[in-house]
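Visitor: Make a model of this:
(chains A and B)
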Amino acid sequence: GDSVTQMEGPVTLSEEAFLTINCTYTATGYPSLFWYVQYPGEGLQLLLKATKADDKGSNKGFEATYRKETTSFHLEKGSVQVSDSAVYFCALGSRGGYQKVTFGTGTKLQVIP
Amino acid sequence: DSGVTQTPKHLITATGQRVTLRCSPRSGDLSVYWYQQSLDQGLQFLIQYYNGEERAKGNILERFSAQQFPDLHSELNLSSLELGDSALYFCASSLSGGNSDTQYFGPGTRLTVL
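Guide: As a prediction, this is how the structure comes out:
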């Protein structure tokens, strides 16, 4: 079945550091890929998504590229801020039919001033 | 604000009891999803509805049931509650229920079973 594997946290970075959160997936066909973010005390919200190979999703300085050859969708940001402290979830949605979207376990990011 | 509303925000109850969680999707969205988030198991997909019909089922216990009504709001019923059911329950909605859809999450209901 479909699965998403993302790096375990917590990840602690200093402000303005470079961020990478790894995400790899297993799926049949060509899924859509998502990054969701959950700020403390809130529900998840979409950060970015990509629906086909080589697409790059970007939002708020975050980027992720859909890499079919390595089945990866790593999240990157060049310079993190304290306000980026949150839990980040990688997710995939399989094509065809109304199957569930599969979420990774989440990676907690803490940015310190 | 995602446009998805959930009530109540907090719920405290005892083991063996039954509770109902309510969700109103974003205006125009036809599909509703329910998730359970706990510290030890992360975010678990429970069930999905599209326009009143069940579309996909995840790790939903037999003690749990859900439905989506003609006005598209949804309710998640949890019965014979156990301590381990204490968690955050999220509802999400999307336009068509397709797997490239963005899901919009509500603020969650925090259930505490004592």
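Visitor: need the contact list for the closest residue to B:T102 other than its chain neighbours.
Guide: Excluding the flanking residues, the one nearest B:T102 by Cβ to Cβ, 6 or more residues apart in numbering or on different chains is A:L46, at 4.8 Å. Heads up, the C-betas are built off the backbone N, CA and C, glycines and all. A:L46 makes contacts with A:F34, A:W35, A:Y36, B:T102, B:Q103, B:Y104, as judged by Cβ atoms under 8 Å, 6 or more residues apart in numbering or on different chains.
Visitor: How many neighbouring residues does whichever residue of chain A sits closest to chain B have?
Guide: At 2.9 Å from chain B, A:G93 is the closest residue in chain A, using Cβ to the nearest Cβ. Neighbour count of A:G93, defined by other Cβ atoms under 10 Å in any protein chain shown: 23.
Visitor: The residue nearest to B:T102 pairs with what?
Guide: Per DSSP bridges, the residues bridged to A:L46 are A:Y36.
Visitor: ok, which residues in chain B are in contact with chain A?
Guide: Counting by Cβ under 8 Å from any Cβ of the partner chain, chain B comes close to chain A at B:2, B:4, B:31, B:33, B:42-43, B:45, B:48, B:50, B:55-56, B:58, B:90, B:92, B:97-108.
Visitor: still on that earlier bit, what's opposite the residue of chain A closest to chain B in the beta bridge?
Guide: A:S32, A:V101.
Visitor: cool, A:T24 as well?
Guide: Here A:T24, judged by DSSP bridges, has bridge partners A:T5, A:S72.
Visitor: what's around it, how many residues?
Guide: A:T24: 17 neighbours (other Cβ under 10 Å).
Visitor: Could you do B:T5 as well?
Guide: If we define neighbours as other Cβ under 10 Å, then B:T5 has 15 of them.
Visitor: and the least confident helix or strand in chain A by mean pLDDT, what does it pack onto?
Guide: One helix or strand of chain A scores below all others by mean pLDDT, DSSP states H and E: strand A:101-103, with a mean of 86. Judged by 3 or more Cβ pairs under 8 Å, 6 or more residues apart in numbering or on different chains; DSSP states H and E, strand A:101-103 is in contact with strand A:3-6, strand A:86-93, strand B:42-50.
Visitor: which strands and helices sit next to the last one?
Guide: Using 3+ Cβ pairs under 8 Å, 6+ apart, the elements in contact with strand B:42-50 are strand A:101-103, strand B:31-38, strand B:53-57, strand B:64-68, strand B:74-78.
Visitor: Can you flag the weakest of these by average pLDDT?
Guide: Per-stretch mean pLDDT for the helices and strands packed on strand B:42-50 is lowest at strand A:101-103 (a mean of 86).
Visitor: rewinding a little: need the helices and strands packed on strand B:42-50 in TSV (columns: distance to A:G41 and mean neighbour count).
Guide: Output for the helices and strands packed on strand B:42-50, formatted as TSV (distance: least, Cβ to Cβ, whole Å; neighbours: other Cβ atoms under 10 Å in any protein chain shown):
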stretch	distance to A:G41	mean neighbour count
strand A:101-103	19	23
strand B:31-38	12	24
strand B:53-57	28	15
strand B:64-68	24	19
strand B:74-78	21	20
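Visitor: Now do the residue of chain B found nearest chain A against A:G29, distance only.
Guide: Nearest to chain A, among the residues of chain B, is B:N99, at 2.9 Å (Cβ to the nearest Cβ). B:N99 sits 10 Å away from A:G29, going by Cβ to Cβ, to the nearest Å.
Visitor: repeat for A:G57
Guide: When A:G57 is compared with A:G29 (using Cβ to Cβ), they lie 19 Å apart.
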